Each structure stands twice: as structure tokens, then as C-alpha cells.
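[1] Next input, structure requested:
(one chain, ligands or ions: 1)
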Amino acid sequence: MKRVAFGCDHIGFILKEDILAHLHARGVEVKDKGAWSSERTDYPHYASSVAQSILDNEVDGGILICGTGVGISITANKFPGIRAVVCSEPYSAQLSRQHNNTNVLAFGSRVVGLELAKMIVDAWLDAEFEGGRHQVRVDAIAAIEQAQN
Ligand code: RB5
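    The predicted model follows:
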């Protein structure tokens, strides 16, 4: 994944600069969708900006950080075509790409420290969707989304 949109709330902002530096060091092109300070704000706004950026094909995927990763991933998953995972360890991040073709990774700055967060990011960025039997299941998710609209 070479182009990534980044979003966080005021709690996630604690990890922002270090995660952006890590992404830049990996050669990832980052679209910064805020927040831009630790002033209190609301995570749905940043999750929406990142999700829309993916759906507009401005980027290949997104990374979101809030306190737990929960609220910001729930919001992203409201957008049809977004498959967001919240992770607190690298194995699920890797499998979420290989099996579920996730296009958004979320984690919580109150849950993981910087070094673990970087391992989660690396596992997610390095993994590729395996397709095959997993494509059938991802297609079934899309069919469920369409049936709801
Ligand atoms: C903000 O206090 C907090 O609720 C938010 O960062 C996140 O953890 C929500 O899921």
C-alpha cells in the first residue's frame, strides 16, 4: 500500500507525529486528514474524511487512531466499500489484509504504545490480500451492504 490517508482525534493525536514519521520512512505517501492538534474534537469527522478519500481513489487505504480505535473504526465501517479493522497486535492486522482485504487500519493510543503501533502498521502494510476463497467472503460482505441500501 503506497498511498495512505491518515486520521485521528485529539486522543490519537498523541501518536500522530511518530506514526507519520514511520510512514514517511517507509516511503508511504500520506494524505493528512487531521486532527492537527490535541484540542478536543470528535472522531467521526476524521474517520469520514479518510473513508471518503479511499472511496474517491485518492489513496489505497487509511490509518485511523482514537483512544481505543473503536469509535473511529465503527464510523469508517458505515461507508459501503470500507472494511476497517481495529487491532492491538500485528497478527490480526496481517490476517485482516490477507483474508478480509481491509482498507482501513485503526488502533487506540490508550491501548498500544508506539513500538507496538509501528509493528501493527508494518504488519498491515506488508500483507497482501490472498483472494480465492477469501474473495467470495468479501464479495458476500459487499452484497450485504448493497441489500441494506
Ligand atoms: C475520546 O474521549 C474517546 O472516546 C475516543 O478517542 C475513542 O476512544 C472512541 O472510541
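[2] Excluding chain neighbours, what is closest to residue 129?
    Excluding its sequence neighbours, the residue lying closest to residue 129 (Cβ to Cβ, 6 or more residues apart in numbering) is residue 101, at 4.2 Å. Bear in mind the C-beta positions are built from the backbone N, C-alpha and C, glycine included.
[3] Quick check: the gap between the one you found and the ligand.
    Going from residue 101 to the ligand by Cβ to the nearest ligand atom, to the nearest Å gives 24 Å.
[4] Residue 40 too?
    Taken as Cβ to the nearest ligand atom, the span from residue 40 to the ligand is 8 Å.
[5] Provide the secondary structure category for that residue.
    State at residue 40, reduced to three classes by DSSP: H, G, I helix; E, B strand; the rest coil: coil.
[6] Can you classify residue 106 by secondary structure?
    Following three-state DSSP, we place residue 106 in the strand state.
[7] so what's it up against?
    For residue 106, the contacting residues are 63-66, 69-70, 72-73, 76, 84-87, by Cβ atoms under 8 Å, 6 or more residues apart in numbering.
[8] 6 Å instead, please
    When contacts are counted by Cβ atoms under 6 Å, 6 or more residues apart in numbering, residue 106 touches 64, 69, 72-73, 84, 86.
[9] One more: residue 94?
    Going by Cβ under 6 Å, 6+ apart, residue 94 touches 123, 127.
[10] For it, pull up the helix or strand it's in.
    helix 90-98 (DSSP states H and E).
[11] Now do the buried residues in that helix.
    Neighbour-count burial for helix 90-98, counted by 16 or more other Cβ atoms under 10 Å, picks out 90, 92-97.
[12] and what of stretch 81-90?
    Quick answer for stretch 81-90 (16+ other Cβ under 10 Å): 82-87, 90.
[13] cool, and stretch 132-143?
    Residues residue 138 are the ones in stretch 132-143 that count as buried (16+ other Cβ under 10 Å).
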